[in-house]
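# sequence unknown, structure follows:
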């Protein structure tokens, strides 16, 4: 009869806020948040039996509709709809209000004010609005430049030189063909929604000036349409910007901090649940609603976080706070590294469960009733296997895989009394233990390292669930004790990890009497346990970098100075000129760049940098002798023609394609880690990281 199941003993853990060492009872499990159950809904009039009940249902439906409408009006989507409606109403005044129409001039095309406002709508953040205004200015200026040049070409060739057909051909090839072609290339190259809208605005302007205005066909230089376009741009951008900033303004900086706070809490919850599932041996923890909700929350928050980071750049640069933006990006990068490390933890835990499933069919494994229709890879089989493992204990000492429940009575009782058990007692108790199945190796590992692992996870999870991100402009409240507490927790974990792995492999060495296949299973399971423990240590390293980036953000926020360095263009030009002069004066660099003999070119391999490809293509032209004028012209013109033909012939359809964020963040780096771990010797891998 198996012994009664015992709780996982308490280990010494560090309180993150104070750095105090304690053995109080805690749990890694989190309740499932299903959200409020709102049973309120619209009532059908057919439900009422009497006239009074029908009137009551009508009144209830009116109240429910008004509450829903009021809630929608207060939501970001409802406010955005109102802002777009107000902006479009004001932009329509350029056509229907006489003073505004008179300001734009007698020519048609005044509806483009509403078109620009619709395209660059005000229901966006302030940073995105700054970007939209800049793109609209560039697009309209480009359209005006093409229009002015086309009129100048028409006047020069059509009126002065009296070559009307030549002027038509030049306008068609240069300004319509190459001009609009360049717009399409920029749209595909950048692959940005706002750039695509700007390309549409530029195309409308070019077509309107060249084909509808009439000055190009009549060889007349007229700036009336160009001036009207400037007025249209001024009116549209002013209306959109004023509505965006005066009516429920939204700032990407605030959204970035809010999304970072949500992402930090989600990472803490996932860390706790993954570690809890590994310690309890329950694979169902990864498919629970709590874990799926936390994973989905982080995935959606990551996309919003990257979007807010890109848009907040314009806000920070406009306010002259470039340093804060750079530190926000550093914190964001650290959080992405933490998410990748959590993916490595999940992959390591999945590897452990898969190994236990594989060895469950061995002769010395736990006996599980199998029917002909049983699927060994089904979730029900995994649950029965886990329950069979937990019920087949050889010692009471090895049955401590279950975590203590989160009950108030247990926490109060354990907080009053200290557990006298130490890791050395566990090691001494397992001296005469001889494993008979790989599952017992896993149980021994959890018994030896489980408490220390649980303590480290709880310390880091508490740090993640206390995000210090406040509103931009306020002080970032980073607890200075966090870094010291994490260092202490990692130190305790490293000591326990070294002793646990040493004892684990000592136990495997004593089981040499078993067959080679069983011995290989022992070593494989032990290596998987070591892999998870090392992945947790890697997460702690990333956590240290995350705390460092938070401290840097706190320092920059406290010493905030507005610089506007991006406006000092002359300093950038001076630095580039200085670096160019330094390269020109470098004698050793010139000696290395001397041309060599002409060599036979082989087939160009894939994946070479552009600098190497350029040097390879122009090598024979640089090495050609330049005795005469024609040889010199050929030597300098041939690479230019060759590069232009390569530029025209290349395929940009697959370039600059943005990949939407999915749940692949959770498995991308982790799969590479597991694959690299799987290729190496499992025993040697663990012994190299005690």
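On my side now, so go ahead. Since this is a predicted model, take the numbers as computed values, not measurements.

# so the closest residue to residue 558 other than its chain neighbours, which state does it fall into?
Spatial nearest neighbour of residue 558, excluding adjacent residues (C-beta to C-beta, 6 or more residues apart in numbering): residue 475 at 6.2 Å. (Glycine included, C-beta is placed from N, CA and C.) Judged by DSSP: H, G, I helix; E, B strand; the rest coil, the three-state class of residue 475 is coil.

# just list the residues touching residue 475, thanks.
Neighbour list for residue 475: 554, 557, 558 [criterion: C-beta atoms under 8 Å, 6 or more residues apart in numbering].

# same check, this time on residue 548
residue 483.

# residue 470 now?
So residue 470 contacts 257, 476, 477 (C-beta under 8 Å, 6+ apart).

# pretty sure the second one contacts residue 552?
Yep, that's residue 476 we're talking about. No: using C-beta atoms under 8 Å, residue 476 is not in contact with residue 552, being 9.8 Å away.

# neighbour count winner among these two?
residue 476 (22 against 17; other C-beta atoms under 10 Å).

# per-residue pLDDT, the closest residue to the more buried one other than its chain neighbours?
Nearest residue to residue 476, sequence neighbours excluded (C-beta to C-beta, 6+ apart): residue 554, at 4.2 Å. On the pLDDT scale, residue 554 is placed at 89.

# residue 480 now?
Looking at residue 480, the pLDDT reads 83.

# related to what we said a few turns ago, just the contacts of residue 475: which are in strands?
Judged by DSSP state E, the subset of these located in strands is empty.

# list buried residues within these.
If you count burial by 16 or more other C-beta atoms under 10 Å, the buried members of these come out as 554, 557.

# which of the contacts of residue 475 fall within helices?
554, 557, 558 (DSSP state H).

# mind checking which helix or strand residue 73 is in?
Using DSSP states H and E, the element containing residue 73 is helix 51-74.

# packing partners of that helix?
Counting contacts by 3 or more C-beta pairs under 8 Å, 6 or more residues apart in numbering; DSSP states H and E, helix 51-74 packs against helix 76-96.

# got the buried residues for the helix or strand just after the helix it packs on?
Per DSSP H and E, the first helix or strand lying C-terminal to helix 76-96 is helix 98-104. By neighbour count with 16+ other C-beta under 10 Å, helix 98-104 contains the buried residues 100, 104.

# still on that earlier bit, out of the contacts of residue 475, who's nearest residue 126?
The closest of the contacts of residue 475 to residue 126 turns out to be residue 557 (C-beta to C-beta; 19.3 Å).

# I'd say the closest one and residue 325 touch.
No: applying C-beta under 8 Å, one finds residue 557 not in contact with residue 325, separated by 11.6 Å.

# overlap in contacts, the two.
With C-beta under 8 Å, 6+ apart as the test, residue 557 and residue 325 reach no residue in common.

# could you look up the SS state of residue 109?
coil.

# ok, the residue nearest to residue 558 to residue 331 distance?
As judged by C-beta to C-beta, to the nearest Å, residue 475 and residue 331 stand 15 Å apart.

# again with residue 172
From residue 172 to residue 331 the distance is 53 Å (C-beta to C-beta).

# higher neighbour count, these two?
residue 331 (23 against 12).

# in terms of helices and strands, where is the more buried one?
helix 322-359.

# could you list the domains of this structure?
According to automatic domain parsing, the chain is divided into the following domains: 76-246, 253-405+421-563+669-687.

# to residue 645, which of those domains lies closest?
That would be domain 76-246 among the domains of the chain, by C-beta to C-beta, at 15.9 Å.

# what is the end-to-end distance of the closest one?
This stretch, domain 76-246, spans 15 Å end to end (C-alpha to C-alpha, to the nearest Å).

# rewinding a little: the residue nearest to residue 476 contacts residue 479, correct?
No: at 10.4 Å, residue 554 does not count as touching residue 479 under the criterion of C-beta under 8 Å.

# which secondary element of the protein has the worst mean pLDDT?
helix 682-687 (a mean of 35; mean pLDDT, DSSP states H and E).

# now do the contacts for residue 20.
Per C-beta under 8 Å, 6+ apart, neighbours of residue 20: residue 14.

# now it: how far from residue 485?
Counting by C-beta to C-beta - residue 20 and residue 485 are separated by 9 Å.

# hey, what's in contact with both of these two?
What both residue 20 and residue 485 touch, as defined by C-beta under 8 Å, 6+ apart, is the set residue 14.

# now the angle from the helix or strand where residue 455 lies to helix 322-359?
Using DSSP H and E, residue 455 sits within helix 438-464. For helix 438-464 against helix 322-359, the angle by axes from the mean of the first three to the mean of the last three C-alpha atoms, to 10 degrees is 160 degrees.

# heading C-terminal from helix 438-464, find the next helix or strand.
Defined by DSSP H and E, the subsequent element after helix 438-464 is helix 481-509.

# so which elements touch that following helix?
Using 3+ C-beta pairs under 8 Å, 6+ apart: helix 481-509 touches strand 13-14, helix 423-429, helix 438-464, helix 516-558, helix 682-687.
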